[in-house]
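Engineer: No sequence on hand, only this structure:
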């Protein structure tokens, strides 16, 4: 490994594979497979795994088994985050009934995507989250926020970083404990990442409150991650095997693969606590259940070494 100056000693990898990675799969995956997937991710050393979503089964049939999955998994191990996504108050009620200790809410930085994904304006969607966040925090439940389309929108084009920063400030003031900045269609480049972090700083949002969530549509996810780390970010979203995308955003491809991220971080001497070889075995195993190879470059390379 060869460290670079100005980077954190440790990074938290926030694993989104079980929820964001699997939610758009057309063939229903048995709950037993999903539970084993989460168990293997935890066994590989993950300390943050987003497990599922209490969204309407009509919209996301793949996650209709959320309560059953959480019952199969049991309580999160000590020191491990196992949040679930909730779209509204009804979803929160289901999450609380299942004993969840952390939730996530999903908002948009652009008006068009807010209308297409949430059927309301950005302001209306943020206000919809307010009672959800209040109720969750009152119940002692941590709240993660997602802000999508932070860099570009397929309908609106480039997104003003100061507009994004204003929405982020609203969510932080609302009580969101961690805010993930999403490059939902994967168009960002490092300069845009720096511009957004600077705009957020001007709004009084510290890097300690933020995470980044990059897609790799144009092959920029790792470059964008590196520049974010150099500017103080220490939480990075990624999906085992590069699973996932966004059904409401045309041209969006998969999330940053966790294995690709780990190869970079470990090569820089940054601790993650995640065993790359064990995770690769998990992604190869899941790819077998999905019936197609993992798109992750690191998985493809390491799988040959592991199986040879």
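Structural biologist: In hand now; what should we look at? Keep in mind the model is a prediction, meaning the values are calculated, not measured.

Engineer: Please spell out which residues along stretch 195-202 are buried.
Structural biologist: Buried positions in stretch 195-202, judged by neighbour count with 16 or more other Cβ atoms under 10 Å: 195, 196, 197, 199, 200. Every residue, glycine included, has its C-beta placed from N, CA and C.

Engineer: All the strands of the stretch 151-300 of the chain, in order from the start?
Structural biologist: Listed in chain order, the strands of the stretch 151-300 of the chain (DSSP state E, counting those that start in this stretch) span 152-153, 157-158, 178-183, 210-214, 235-238.

Engineer: For my notes, please list those in CSV and give mean neighbour count and mean pLDDT for each entry.
Structural biologist: Conversion of the strands of the stretch 151-300 of the chain to CSV gives the following (neighbours: other Cβ atoms under 10 Å; pLDDT from 0 to 100):
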stretch, mean neighbour count, mean pLDDT
strand 152-153, 20, 95
strand 157-158, 10, 94
strand 178-183, 25, 98
strand 210-214, 25, 98
strand 235-238, 26, 98
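
Engineer: what's the closest of those to residue 126?
Structural biologist: Smallest distance to residue 126 across the strands of the stretch 151-300 of the chain (Cβ to Cβ): 12.2 Å, for strand 178-183.

Engineer: of all the strands of the stretch 151-300 of the chain, which lies closest to residue 191?
Structural biologist: Closest of the strands of the stretch 151-300 of the chain to residue 191 is strand 157-158, at 11.9 Å (criterion: Cβ to Cβ).

Engineer: What segments of the stretch 101-250 of the chain are helices?
Structural biologist: For the stretch 101-250 of the chain, the helices defined by DSSP state H, counting those that start in this stretch cover 111-118, 122-138, 161-174, 190-202, 221-230.

Engineer: Ranking the ones you listed by mean neighbour count, which comes first?
Structural biologist: With neighbours taken as mean count of other Cβ atoms under 10 Å, the helices of the stretch 101-250 of the chain reach their highest mean count in helix 221-230, at a mean of 21.

Engineer: what's in contact with that helix?
Structural biologist: Helix 221-230 is contacted by residues 6-8, 11, 183, 186, 188-190, 193-194, 197, 212, 214-216, 236, 256, 260-261, 264, 270 when judged by Cβ atoms under 8 Å, 6 or more residues apart in numbering.

Engineer: still on that earlier bit, residue 72 is nearest to which of the helices of the stretch 101-250 of the chain?
Structural biologist: When the helices of the stretch 101-250 of the chain are compared for distance to residue 72 using Cβ to Cβ, the nearest one is helix 122-138, at 23.1 Å.

Engineer: which residues sit against the closest one?
Structural biologist: Applying Cβ under 8 Å, 6+ apart, the external contacts of helix 122-138 come out as 86, 88-89, 91-92, 96, 103, 105, 107-111, 114, 118, 120, 142-143, 145, 167, 170-171, 174-176.

Engineer: Buried only: go through those for me.
Structural biologist: When neighbours are counted using 16+ other Cβ under 10 Å, these contain these buried positions: 86, 88, 91-92, 96, 103, 105, 107-111, 114, 118, 142-143, 145, 167, 170-171, 174-176.

Engineer: What's the local residue count around residue 58?
Structural biologist: As a burial measure, the neighbour count of residue 58 was computed by other Cβ atoms under 10 Å and equals 7.

Engineer: if we can go back for a sec, please tabulate the helices of the stretch 101-250 of the chain in TSV and include distance to residue 62 and mean pLDDT as additional columns.
Structural biologist: Compiled in TSV, those are given as follows (distance: least, Cβ to Cβ, whole Å; pLDDT from 0 to 100):
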stretch	distance to residue 62	mean pLDDT
helix 111-118	17	88
helix 122-138	22	95
helix 161-174	26	97
helix 190-202	31	98
helix 221-230	24	98
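
Engineer: looking at those, which is closest to residue 81?
Structural biologist: Where the helices of the stretch 101-250 of the chain are weighed against each other on Cβ to Cβ, the nearest is helix 122-138, at 14.2 Å.
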